[in-house]
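Peer 1: give the three-dimensional model of this entry:
(2 chains)
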Amino acid sequence: MPAAQPATSGYAVELTGCTKQFPTSSGETYFAVRDIDLKVEPGRFVSIVGPTGSGKSTILNMAAGLLTPSVGEVKSFGEPVTGVNRRASYMFQQDALLPWKTVIDNVSLGLTMAGVSKAEAHSESRRWLEKVGLKNFADRYPHQLSGGMRKRTAIAQAWIVNPDILLMDEPFSALDVQTRQIMENELLQLWQESGKAVVFITHDLDEAIALSDEVLILGAGPGSTVVGSYQIDIPRPRDLLDIRDDPRFVALHREIWGRLKVEVSKTYESAMAEEGEAA
Amino acid sequence: MRGIQLLLTVIVLGAWEVLGRAGVIDEFFFPLPSDIFQTVWVWVSSGFVFPHLWVTMQEAILAFLVGAAVGLIFGFILARVRFLERLMDPFLQMFNALPRVVLAPIFLLWFGLGIWSKVAFGFTLVFFIVFFNTLEGVKSVDRVLVDNARMLGASEKQLLRHVFIPSALTWIFSSLHISVGFAITGAVVGEYLGASGGMGYAIAQAQGVFDTKGVFAGMFILMIVVLIIDLLVNRLERHLLRWRPVRSS
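Peer 2: Residues are numbered from 1 along each chain as shown, chains lettered A, B, ... in the order given. Below you'll find the predicted structure:
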């Protein structure tokens, strides 16, 4: 196990005035996101919800250090993020397991690359595989697993390096509804009392409210920005299988959806307008 | 299926044999299958063919190893350094557009009648196939795999080892069958144009005395050898790419 890094002061993730723009092929400038302010305290679970094309992944990639903002500053525990954010793990929407490595080698990857011996990394991986219910699948290759099992492997791969921050980009969106709820439950159980900060991207408001301490709403893209922030005061531990009937959940959902709806319709209308232009 | 294939072979060879004996096919240009096998047997049993085969194999193996190694290294470097790729692109395209056979005479002058002119010739064939496949293989690596490895703390060297090389391997293997064939083609064609030994030389000698049976026998032996090598490459490929899902095709 790599020793947990000393907890320095400050937010786990702090984006200040972050704008990301790309030059387009027609010579114009495309604004992915504009003036993003995001503060995530250590141990907090924050979700970012927004319509398609609102630049949710861009925000996460800036926090991860995979993208550098065109304007603005990214900090992690008070330190400016230059290059990859070493305090964070990332769970991607797509399958990101290396298809040529077995499950156990995939889970071990973060440790072996940090110089941990293979034997030690494997024994730690076995512990994690047991935790995510895959101890009998250690020697399989990713293509031999179901979608849910691949996500479990990805969770073990991300958690084994004991990061202070977990960045999750619609990690469960490819799963069927039942598997997804089970995975969400397992994620919460792992996260509870782990003290890790989570930034969770989703387009599913139900999922965001059920999991989070705070939900941020992104406006319609391009050049979207944060248009709303809601504290989710549903007590923990939460039972995700029944939470959708909780009156507090219903009230919050109604309130946040009222705001999100506006942005979703905007996105829809501009998409229709573009189609009209094209026709 | 095997039975039908065998039957088809017997029918074609049988018809050839019968038509040849009946004088419908000119035996001089298309020697009888029985005579060809007879010649093959003489070449093999007398040991005549083995020194030639050995020379050709040496040339092919050297051309393949050097061509593949240089192609791999160039492919990896150019795929990782955009500037070099843009710089080298027109030159590589030019050399690739050159029909390689025209190089054989000049290589003969540069490197002499021995094996090295054939190695050089085979190299130009193998290099480009491996190079272009490696370049494409490295460039087409799934972005998300690279990002994930980087987030898990991979250095540039670890990225190469854990992500780029295994990923490019599938491309390299798809080119391996072709490049192995080309290495042998290069050796044989080079020998044919001027050599002191090798299968191409043996075939050229037979042709020189209008021994068509010898020409066909040489072709047949080369065919068998290439088939065996291809089988070995398949084995290696199956082992190294065992992580891949079995495609139902």
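
Peer 1: so how far is the helix or strand hosting A:A63 from its chain's centroid?
Peer 2: Per DSSP states H and E: A:A63 is located in helix A:56-64. The chain centre lies 9 Å from the centre of helix A:56-64; the measure is C-alpha atoms, centre = their mean, to the nearest Å.

Peer 1: that helix near chain B at all?
Peer 2: Yes - applying C-beta under 8 Å from any C-beta of the partner chain, one finds that helix A:56-64 is in contact with chain B at A:A64. Where you see a C-beta, it was placed from the backbone N, CA and C, and this is true even at glycine.

Peer 1: centre-most residue in chain B?
Peer 2: Centroid-nearest residue in chain B, with C-alpha atoms, centre = their mean: B:G181, separated by 1.7 Å.

Peer 1: how close does the nearest residue to that residue once chain neighbours are set aside sit to B:G71?
Peer 2: Nearest residue to B:G181, sequence neighbours excluded (C-beta to C-beta, 6 or more residues apart in numbering or on different chains): B:V226, at 6.4 Å. As defined by C-beta to C-beta, to the nearest Å, B:V226 lies at a distance of 20 Å from B:G71.

Peer 1: one more: B:I184?
Peer 2: With C-beta to C-beta as the criterion, B:I184 and B:G71 are 17 Å apart.

Peer 1: related to what we said a few turns ago, let me know the pLDDT of the residue nearest to B:G181.
Peer 2: Looking at B:V226, its pLDDT is 88.

Peer 1: which helix or strand contains it?
Peer 2: helix B:212-240.

Peer 1: buried stuff in the helix or strand bottoming out on mean pLDDT in chain B?
Peer 2: One helix or strand of chain B scores below all others by mean pLDDT, DSSP states H and E: helix B:165-193, with a mean of 85. For helix B:165-193, a neighbour-count test (16 or more other C-beta atoms under 10 Å in any protein chain shown) marks B:165-173, B:175-176, B:179-193 as buried.

Peer 1: helix or strand next in line after that helix, which one?
Peer 2: Next helix or strand after helix B:165-193 toward the C-terminus (DSSP H and E): helix B:199-208.

Peer 1: contacting residues around that following helix?
Peer 2: B:49, B:52-53, B:55-56, B:187-193, B:195, B:212-215, B:217-219, B:221-222 (C-beta atoms under 8 Å, 6 or more residues apart in numbering or on different chains).

Peer 1: kindly export that helix (C-alpha atoms) in CSV.
Peer 2: The C-alpha trace of helix B:199-208 is given here as CSV (Å, rounded to 0.1, in the frame of the first residue of the first chain):
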residue,chain,number,x,y,z
MET,B,199,16.4,-21.3,-53.9
GLY,B,200,16.1,-18.4,-56.4
TYR,B,201,19.5,-19.3,-57.8
ALA,B,202,18.5,-23.0,-58.0
ILE,B,203,15.4,-22.1,-59.9
ALA,B,204,17.3,-19.7,-62.2
GLN,B,205,19.8,-22.5,-62.9
ALA,B,206,17.0,-25.0,-63.8
GLN,B,207,15.4,-22.3,-66.0
GLY,B,208,18.8,-21.7,-67.7
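
Peer 1: now the residue of chain B positioned farthest from its centre: closest residue in space, sequence neighbours ignored.
Peer 2: Most distant from the centre of chain B: B:M151, at 40.2 Å, with distances by C-alpha atoms, centre = their mean. Spatial nearest neighbour of B:M151, chain neighbours left out: A:Y90 (4.2 Å); criterion: C-beta to C-beta, 6+ apart.

Peer 1: surely the one you found and A:A158 touch.
Peer 2: Yes - judged on C-beta atoms under 8 Å, A:Y90 makes contact with A:A158 at a distance of 6.9 Å.

Peer 1: common neighbours of these two, please.
Peer 2: A:L166.

Peer 1: which one of the two is surrounded by more residues?
Peer 2: A:Y90 (29 against 24; other C-beta atoms under 10 Å in any protein chain shown).

Peer 1: if we can go back for a sec, so the residue nearest to B:M151 belongs to a strand, correct?
Peer 2: Yes - judged by DSSP: H, G, I helix; E, B strand; the rest coil, A:Y90 forms part of a strand.

Peer 1: report the beta-bridge partner residues of it.
Peer 2: Going by DSSP bridges, A:Y90 is paired in beta bridges with A:L167.

Peer 1: pull the residues that contact stretch B:26-39.
Peer 2: Contacts of stretch B:26-39 (C-beta under 8 Å, 6+ apart): B:L13, B:W16, B:E17, B:G20, B:R21, B:F210, B:T212, B:K213, B:G214, B:F216, B:A217, B:F220.

Peer 1: let me know the secondary structure of the residue in the stretch 151-279 of chain A positioned nearest to chain B.
Peer 2: Relative to chain B, the nearest point of the stretch 151-279 of chain A is A:V161 (6.6 Å; C-beta to the nearest C-beta). The three-state label given to A:V161 by three-state DSSP is coil.

Peer 1: and the next helix or strand past the lengthiest helix in chain B?
Peer 2: The single longest helix within chain B, with elements called by DSSP state H, is helix B:49-80. Per DSSP H and E, the first helix or strand lying C-terminal to helix B:49-80 is helix B:82-97.

Peer 1: and the residue nearest to B:M151, what does it touch?
Peer 2: A:L60, A:A64, A:L66, A:A158, A:L166, A:L167, A:M168, A:D169, B:D147, B:N148, B:M151.

Peer 1: count the neighbours of residue 147 for me.
Peer 2: Picking chain A for this. 15.

Peer 1: oops, I was thinking of chain B
Peer 2: Around B:D147 there are 18 residues (other C-beta under 10 Å).

Peer 1: chain neighbours aside, what residue packs nearest to it?
Peer 2: A:L66 (5.6 Å).

Peer 1: doesn't that neighbour belong to a strand?
Peer 2: No - read with three-state DSSP, A:L66 is coil and lies in no strand.

Peer 1: can I assume it is in contact with B:R150?
Peer 2: Yes - assessed by C-beta under 8 Å, A:L66 is found in contact with B:R150 at 7.2 Å.

Peer 1: any weak-confidence spans in chain B?
Peer 2: Scanning chain B with the threshold set as pLDDT under 70 gives B:247-249.

Peer 1: what does it have sitting close to chain A?
Peer 2: For chain B, the contact set with chain A under C-beta under 8 Å from any C-beta comprises B:142, B:144-145, B:147-155, B:158, B:162-163, B:166-167, B:169, B:241, B:243-245.
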